[in-house]
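1. heads up, no residue letters with this:
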């Protein structure tokens, strides 16, 4: 597999809600195996950007390509692309009426049309990947937030996606549970999964991200390796932002 | 005439005949009323605007008019435009329409109560809208609709007696016929009432068992609120 190959291309995404322009032209390329982390103040369109990529939100302007095929304006084929673009949500959104195992199985059975035995096997493999196979028969309401999020990562992994979008995956979790989820994500990154992550976890960004995109007012304000953005004096805005978070925490 | 003879040789055999007809009416109406309820609720909530409007209007019309009127139209009105039903069929059609419209409202309430995230997550995995409704939204919504639906089922048991107005001799009708023939109104109608009470009691117990059986482990609904 060519590691320099561009798997996802995002071009000039614009999106307004009720006259307020949330995204004002965002473009970037994602190479296979790369982890990109999006950081920035609330309301700067980071989550909207992720949702525009798999068309859960339809952008007003701009295009998205996956492996050279256009995802935007793809009509009913969007369901094909969504299998290839996994998504993990802040509030997990596990299917409440299904066990952990069935949560992972469902799309394999209904979307991929897999047989029961094969789907079960695959679902168990993915649960093992995130350390949740012992909880396969438990329902979402019986899981901690960290466990639920790991199941939802397994659910995304089961579709063998080209890229996974993480929308603030640890924002609903306390520090202990945050750690267990970040461990799983680090492992995925090491194993070569392509990931786009919206997060406020600077530690994660610094240790895992190939590139950090600092977003402000609907555009990418600064972009580069975590080292570069934190240490090069020419970049100031992300450092300012982090400084504001830190001073708030020490209050 | 001996009370025992009246009760065991006249009243109860007549009521048993009527009960069989009542059960036939319910068995023929309830499954279709349930299916219609799902279709109308989903159509209204997720359908194309025209379908949604149609479902809304259907519910409005049924809710806004007496069931008896609907039954009269089906049985006495439609023959004038060449559509003729037996009394039994006309009753069943009327019950299905009525039951379906009310079921639709209970199910719609439950659909609305399912958080958007469930649909969003399903779509993000590549499910079509219909697959998401069928596999994710409805299984959860129908569980929440059980109390309302069981209520409506109990109404159906009782309003099935309106079939007597179309000459179908069901449970209440059978009681009425015995009562008028022997001038024993109190005894006859008390017995009819008891049979309905038993039917409703069986339903209530069955619904409780069903609710426990389908409760999702770990959720509030699986635990009585008094324990919280």
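-> In hand now; what should we look at? Everything quoted here is computed from the prediction, not taken from an experiment. Numbers count the residues shown, from 1 in each chain, chains lettered A, B, ... in the order given.

2. spell out which parts of chain B neighbour chain A.
-> Counting by Cβ under 8 Å from any Cβ of the partner chain, the residues of chain B lying close to chain A are B:117-118, B:120-128, B:131, B:135-136, B:139-140, B:143, B:216-219. C-beta: built from backbone N, CA, C; applies to glycine.

3. cutoff 6 Å now
-> By Cβ under 6 Å from any Cβ of the partner chain, the part of chain B that sits against chain A consists of B:117, B:121, B:124-128, B:131, B:135-136, B:139-140, B:216-219.

4. low pLDDT regions in the chain?
-> Defaulting to chain A. A:1-3, A:245-251 (pLDDT under 70).

5. chain B is the one I meant
-> B:1, B:220-228.

6. in it, what residue lies closest to chain A?
-> Taking Cβ to the nearest Cβ as the measure, chain B has residue B:218 as its residue closest to chain A, at 3.1 Å.

7. counting neighbours, what do you get for the closest residue to that residue other than its chain neighbours?
-> In space, residue B:218 comes closest to residue A:141 once its chain neighbours are excluded; the distance is 3.1 Å by Cβ to Cβ, 6 or more residues apart in numbering or on different chains. Neighbours of residue A:141 under the rule other Cβ atoms under 10 Å in any protein chain shown: 16.

8. residue A:99 is in contact with residue B:216, correct?
-> No: Residue B:216 lies out of contact with residue A:99 (Cβ atoms under 6 Å); the separation is 9.7 Å.

9. mutual contacts of those two, please.
-> The contact sets of residue B:216 and residue A:99 overlap at residue A:139 (Cβ atoms under 6 Å, 6 or more residues apart in numbering or on different chains).

10. so which bits of the stretch 51-200 of chain A are right by chain B?
-> With the criterion set to Cβ under 6 Å from any Cβ, the stretch 51-200 of chain A comes near chain B through A:79, A:82-83, A:87, A:93, A:95, A:97, A:107, A:110-111, A:139, A:141-142.

11. in helices, which of the residues you listed appear?
-> Restricting those to those inside helices, with DSSP state H as the criterion, leaves A:79, A:82, A:83, A:107, A:110.

12. distance to residue A:202 added to the residues you listed, as TSV?
-> Below are these laid out as TSV (distance: Cβ to Cβ, whole Å):
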residue	distance to residue A:202
A:79	36
A:82	30
A:83	32
A:107	33
A:110	39
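
13. surely residue B:154 and residue B:199 touch.
-> No: here residue B:154 does not reach residue B:199: they are 8.6 Å apart, not a contact under Cβ under 6 Å.

14. for the residue nearest the centre of chain B, give me its contacts.
-> Against the mean C-alpha coordinate of chain B, by Cα atoms, centre = their mean, the closest residue is residue B:153 at 3.6 Å. The contact partners of residue B:153, taken as Cβ under 6 Å, 6+ apart, number zero.

15. OK, contacts around residue A:13?
-> Taking Cβ under 6 Å, 6+ apart as the criterion, residue A:13 is in contact with A:23, A:26, A:52, A:59, A:62.

16. checking it next. Helix, strand or coil?
-> Secondary structure, DSSP: H, G, I helix; E, B strand; the rest coil: residue A:13 is strand.

17. against residue A:48, how distant is it?
-> 9 Å (Cβ to Cβ, to the nearest Å).

18. next, residue 58: secondary structure please.
-> Assuming you mean chain A. Secondary structure for residue A:58, judged by three-state DSSP, is coil.

19. now it: how far from residue B:124?
-> 14 Å.

20. between these two, which is the more surrounded one?
-> Taking other Cβ under 10 Å, residue A:58 and residue B:124 do not tie; residue B:124 has more neighbours (28 against 11).

21. select the longest helix from chain B.
-> helix B:12-46.

22. what's the offset of that one from the middle of its chain?
-> For helix B:12-46, the distance from its own C-alpha centre to the chain's C-alpha centre is 5 Å (Cα atoms, centre = their mean, to the nearest Å).

23. residues of that helix that come out buried?
-> Buried residues in helix B:12-46, counting neighbours by 16 or more other Cβ atoms under 10 Å in any protein chain shown, are found at B:14-15, B:17-19, B:21-22, B:24-26, B:28-30, B:32-34, B:36-46.

24. re the thing from before, and the residue nearest to the centre of chain B, how far is that from residue B:160?
-> Between residue B:153 and residue B:160 the distance is 11 Å, computed by Cβ to Cβ.

25. cool, residue A:216 as well?
-> Counting by Cβ to Cβ, the gap from residue A:216 to residue B:160 is 66 Å.

26. related to what we said a few turns ago, shared neighbours of residue A:13 and residue A:48, which are they?
-> Both residue A:13 and residue A:48 are contacted by residue A:23, under the criterion Cβ under 6 Å, 6+ apart.

27. apart from its neighbours in sequence, what residue is nearest residue A:6?
-> With sequence-adjacent residues excluded and distances taken as Cβ to Cβ, 6+ apart, residue A:6 is closest to residue A:29, at 4.8 Å.

28. which phi and psi does the one you found have?
-> Backbone torsions of residue A:29, given as degrees, to the nearest 10, read phi -110, psi 150.

29. test my guess that it contacts residue A:9.
-> Yes: at 5.3 Å, residue A:29 counts as touching residue A:9 under the criterion of Cβ under 6 Å.

30. please say which of the two ends up with more neighbours.
-> Neighbours per residue, other Cβ under 10 Å: of residue A:29 and residue A:9, the larger number sits with residue A:9, 17 against 13.

31. doesn't residue A:143 make contact with the residue of chain B closest to chain A?
-> No: at 8.1 Å, residue B:218 and residue A:143 do not qualify as touching, with contact defined as Cβ under 6 Å.

32. give me the more crowded residue out of those two.
-> The neighbour comparison of residue B:218 against residue A:143 (other Cβ under 10 Å) goes to residue A:143, with 19 against 15.

33. just want the residue of chain A that's nearest chain B.
-> When you check chain A against chain B by Cβ to the nearest Cβ, the closest residue turns out to be residue A:141, at 3.1 Å.

34. longest helix in chain A, please.
-> Among all segments of chain A classified by DSSP H, the helix with the greatest residue count is helix A:175-190.
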